[in-house]
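# what's the 3D shape of this:
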Amino acid sequence: MISRQQIQAMPGADLSNSFNMITDLVPGAWMTHDQLHIRGGHQVSWAIDGVPIPNTNIASNVGPQIDPKDIDYIEAERGGYSATYGDRSYGVFDVVPRTGFERDSEGELYTTFGTFAQTNDQLNFGSHTQKFAYFASVNGNRSNYGLETPGPDVLHDRVWGTGGMASFIYNRDANDQFRFVTSLRRDDYQIPVDPDQQAAGIRDIERERDAVTDISWAHTFRPGLLLTVSPFYHFNVANYDGDPNDYPLSTTQHRTSHYAGSQIALNAVTTRHNASVGIYQFGQWDNESVNLIANDGSAPPLAQGKPSQGNLEAIFLEDQYKALSWLTLTAGVRLTHFAGAISENAASPRLGGTVRIPHLNWVLRGFWGEYYQAPPLSTVTGPLLDFAISQGLGFIPLRGERDQEHQFGLNIPLRGWSLDVNNYHQRAHNYFDHNAIGNSN
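Residues are numbered from 1 along each chain as shown. Sure thing, here's the model as predicted:
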C-alpha cells in the first residue's frame, strides 16, 4: 500500500508525467523503453476503486493513467491475484482517488521549476459535509527531457501535458454510497533523436489522449454483505506521426479506442470466510490506421485503415477461508468470453494459502493461478521491414494471451522491519509484445 503521504515525501514521485511513485516504492519495478515494467513485463492493469480500466492495446501509450497528486492511496500487486482481476499478469495498480473528506473548503496550488525547463503545476479544491464530499483538480506539465534518448544527447525531447480529475461522494444513508470519479489526460511527446537524425531534420511526434469515468453505487444489505455496481467508460487515443522526411521509412499510426461496460460485485465477510462473486463486461470500438512512406524510393506510399469492435464478459467467484487461526486458504476461478475478429473462452483457476508460524509470526505463502488476457482487436502484419512497403501491409486478428504463474515466499518481521523473500515463475503463451516500424514506437 502506497499512501499520499509517501508519494509527497518521495522526491519526484508526485510529478504528473512520472512513474516514480511506482519505481521508487514497488520492488521489482523499473522503466525501460518508456514502459513501466514489473518483474520483467510491461503488461500491467490500472483500476479505480477496484474497477479495472479496460485497455486491450499493448504498449501503445507511454503517458501515465492518473496524476499522482490526485491519489489518496494506491494498492500495488505483483502477482497472486484475486479472481477479481483477470488479465495482465505482471502488475495491478488499484487507485483510490482523493475524496475531499480531508478538506474543509480548502484549495492548494502546487508548482515546480527545474532543469530542462521542467515545470509541474496543479490547482485543486476540496470540501465536505456530513454526507457529501468533493475534490477537483487541474494540472499542467512540460519538460525538455521527456522520453528516453537514443544516446547521451537530449535532442528533440520535449513533453507537455494537461489533465484534470474530479471525485464526488454522496452518502445517502448508512447503507448506500454513490461515487463519481472522472479523470482526463492529454500528453504530447517529441520523439528524441540522435545527432545524425537531428541534422537530417527528423521530427516525429506522439500524441495521446485519455478519459475515464467511473460511477459506483455501494449498498450494504447487512454488516459483512456488500453489493457494488460500477458502470464505466474509457476513451483512449495514441497517435504517432512520423516526419514525412524520415529515411528510409516514415511511419504514421493512429488509433482511437472506446470502451463502455460495468462491474457488479457481491462481497460477503464472516468470521471464517471472505467471499466474492461478480460480473465484469465491456464493449470496445477501435479505429486504427497505418501509413508508410518509403523515402528511399523502394515502393510507393502505403496506407491501410480498419475499424473493429469486440466485447468481453467475465464471471468471477472466490473465497478466502480461515481454516485455523494460523492457516488461510484461497480458491477462485474466472470464466471469460471474448468476441472480436475471433471468439474465445477461458477458465482461469486460482489457488493460494498462507501459514503463520506461531510465536515467531513468520508467514509462509504460496500461490498458483492462470490468467487470460484479451487480445488487441487487430494488429499490423507484413513481411520483413525491408519489404513491408513493396509487399503490402494488412491487419490480422490475434488470439488471447494465456499465462500461468506460481510463487511461494516467506515474510519475516524483525524489530519494526520486514524481510520478504519471494520466488515466482511465469509462463506465457501467445505472448503480446511490440515492435518498432522505422523510428516509431
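# doesn't Gln8 fall inside a helix?
Yes. Gln8 forms part of a helix when assessed by DSSP: H, G, I helix; E, B strand; the rest coil.
# name the helix or strand of this structure that has the lowest mean pLDDT.
Least confident helix or strand, the chain: helix 388-391 with a mean of 75, by mean pLDDT, DSSP states H and E.
# shaky segments in the chain?
In the predicted model of the chain, residues 384-385, 439-441 satisfy pLDDT under 70.
# can you pull out the helices in it?
With helices called from DSSP state H, the chain shows them at 4-9, 20-23, 195-200, 388-391.
# so which of the ones you listed is nearest Ala436?
If you check each of the helices of the chain against Ala436 by Cβ to Cβ, helix 388-391 wins as the nearest, at 12.1 Å. All C-beta spots, glycine's among them, are computed from the backbone N, C-alpha and C.
# elements contacting the closest one?
strand 273-294 (3 or more Cβ pairs under 8 Å, 6 or more residues apart in numbering; DSSP states H and E).
# which stretch among the helices of the chain comes nearest Asp176?
Here helix 4-9 is closest among the helices of the chain (Cβ to Cβ), at 26.5 Å.
# what residues does that closest one touch?
Identification of contacts with helix 4-9 by Cβ atoms under 8 Å, 6 or more residues apart in numbering yields Ala13, Asp14, Met21, Leu25, Pro68, Lys69, Ile71, Asp72, Tyr73, Arg98.
# residue contacts, the nearest residue to His434 once chain neighbours are set aside?
Spatial nearest neighbour of His434, excluding adjacent residues (Cβ to Cβ, 6 or more residues apart in numbering): Ala59 at 4.1 Å. Contacts for Ala59 (Cβ under 8 Å, 6+ apart) come out as Gln35, His42, Asp433, His434, Asn441.
# distance of Ala59 from Asp94?
21 Å (Cβ to Cβ, to the nearest Å).
# would you mark the buried spots in stretch 216-236?
Across stretch 216-236, burial judged by 16 or more other Cβ atoms under 10 Å covers Ser216, Ala218, Leu226, Thr228, Ser230, Pro231, Phe232, Tyr233, His234, Asn236.
# on that earlier part again, wait, which of the helices of the chain is closest to Arg365?
Going by Cβ to Cβ, the one of these nearest Arg365 is helix 20-23, 22.5 Å.
# what lies in contact with that closest one?
By Cβ under 8 Å, 6+ apart, helix 20-23 touches 2, 7, 10, 12-14, 29-31, 36, 68, 71, 74, 76, 93.
# mind checking which of those are in strands?
Of the contacts of helix 20-23, the ones assigned to strands by DSSP state E are Ile2, Ala29, Trp30, Met31, Leu36, Ile71, Ile74, Ala76, Phe93.
# on that earlier part again, okay, buried residues for the least confident helix or strand of the chain please.
Going by neighbour count (16+ other Cβ under 10 Å), the buried part of helix 388-391 is Ala388, Ile389.
# likewise stretch 424-432?
When burial is assessed from 16+ other Cβ under 10 Å, stretch 424-432 yields the following buried residues: Tyr424, Gln426, Ala428, Phe432.
# can you check stretch 184-197 too?
So for stretch 184-197, counting by 16+ other Cβ under 10 Å, buried means Leu184, Arg185, Arg186, Asp187, Asp188, Tyr189, Gln190, Ile191, Pro192, Val193, Asp194, Gln197.
# Asp188 against Gly161, yeah?
Yes. Here Asp188 reaches Gly161: they are 6.8 Å apart, a contact under Cβ atoms under 8 Å.
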